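> Below are the sequence and a predicted model for it; my questions follow.
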Amino acid sequence: MPAKMIHTMIRVLSEETSVNFYQSAFNLTIAERLDFDDFTLIYMSNEEQSFELELTINKSQTTPYEHGTGYGHLAFVVDDLESEHQRLSSLGLSPKDIVNFNHEQKALAKFFFIEDPDGYKIEVLQKLGRFR
């Protein structure tokens, strides 16, 4: 039986700031919030899929996390990349420029990057090809 991916976890400094970002940028809502003595876990998702983003807030953390060289990015796919870029810009979220990425003279991807409040890179892709 194949394994099913269910979530990815990132550590964030501010619960409120991060939840607000993912709600306004990607329409994610809190599926569950679990509060413990030393940390809080927040699972966020939307109606597009069952895969979740897990935000971990360590209560003793007072400085931003270092991402090191191992983290790459989280990716979302949208129906209309230009409209999404404009919407995120209007929210003051500063998406980077749209990039058309080709491989062997064929369109592979059309995307832009944005960063969340903790500096995690997020790729936003146009639905096309393998990105559905």
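The structure has been received and is ready for your questions.
> Show the subsequent helix or strand relative to the longest strand seen in the chain.
The longest strand of the chain (DSSP state E) is strand 106-115. Beyond strand 106-115 on the C-terminal side, the first helix or strand identified by DSSP states H and E is strand 121-126.
> Report the rounded mean pLDDT for that following strand.
For strand 121-126, the mean pLDDT works out to 95.
> quick one: it to chain centroid distance?
Here strand 121-126 is found 8 Å from its chain centre; the criterion is Cα atoms, centre = their mean, to the nearest Å.
> quick revisit: kindly point out the strands partnered with the longest strand of the chain and how each is oriented relative to it.
strand 99-103 (antiparallel), strand 121-126 (antiparallel) (DSSP bridges).
> all strands for this structure, in order.
Using DSSP E, strands in the chain cover 7-11, 29-35, 39-45, 52-58, 74-78, 99-103, 106-115, 121-126.
> Same list, these, but as TSV with mean neighbour count and distance to Gln86 please.
Where C-beta positions appear, they are placed from N, C-alpha and C, glycine not excepted. Shown next, in TSV, are the strands of the chain (neighbours: other Cβ atoms under 10 Å; distance: least, Cβ to Cβ, whole Å):
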stretch	mean neighbour count	distance to Gln86
strand 7-11	14	26
strand 29-35	12	23
strand 39-45	18	23
strand 52-58	18	23
strand 74-78	17	12
strand 99-103	10	16
strand 106-115	16	11
strand 121-126	19	12
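> Looking at the ones you listed, which is nearest to Leu91?
Leu91 lies closest to strand 106-115 among these, at 10.2 Å (Cβ to Cβ).
> Let me know the distance separating Lys110 from Arg130.
13 Å (Cβ to Cβ, to the nearest Å).
> same question, Leu81
With distances taken as Cβ to Cβ, Leu81 is found 15 Å from Arg130.
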